[in-house]
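In: Give me a 3D structure for the following:
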Amino acid sequence: MRITTVNIPIQRLEQLFYAFDLNMDSYIDANELYALTIKLYSVFGHTLSLQSWSALVNTLALHMDTNSDGVLAIAEVMGAFS
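Out: Numbers count the residues shown, from 1 in each chain. Alright, predicted model coming up:
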């Protein structure tokens, strides 16, 4: 089993990606990233303000968007965590 650097099996990380790829086009766009930010905030954001949490998620997304096209492809996300 391949494990990511964040100790999540690759298959689980792929499943998470596609759970937030609402239109199933294999990219997470700005609207999907916003939905992801809000959903994850309810789970993990209890120690940060929504504004701080949003800034953290956006910074992470910008870091993963290696080709700077404004969307996250599955390969970019997998590359960031493997």
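In: what's the neighbour count on Thr37?
Out: 19 (other Cβ atoms under 10 Å). (Each C-beta comes from the backbone N, C-alpha and C, glycine too.)
In: Next, the contact list for it, please.
Out: 53-54, 57-58 (Cβ atoms under 8 Å, 6 or more residues apart in numbering).
In: give me that answer again for 6 Å
Out: Contact partners of Thr37, counting by Cβ atoms under 6 Å, 6 or more residues apart in numbering, are 54, 57.
In: all helices for this structure, in order.
Out: 10-20, 30-44, 50-64, 74-81 (DSSP state H).
In: residue ranges with poor pLDDT in the chain?
Out: 1-6, 45 (pLDDT under 70).
In: Around the residue lying closest to Asn31 once chain neighbours are set aside, how many other residues sit close by?
Out: Nearest residue to Asn31, sequence neighbours excluded (Cβ to Cβ, 6 or more residues apart in numbering): Leu22, at 7.7 Å. Leu22 sits with 13 neighbouring residues when counted by other Cβ under 10 Å.
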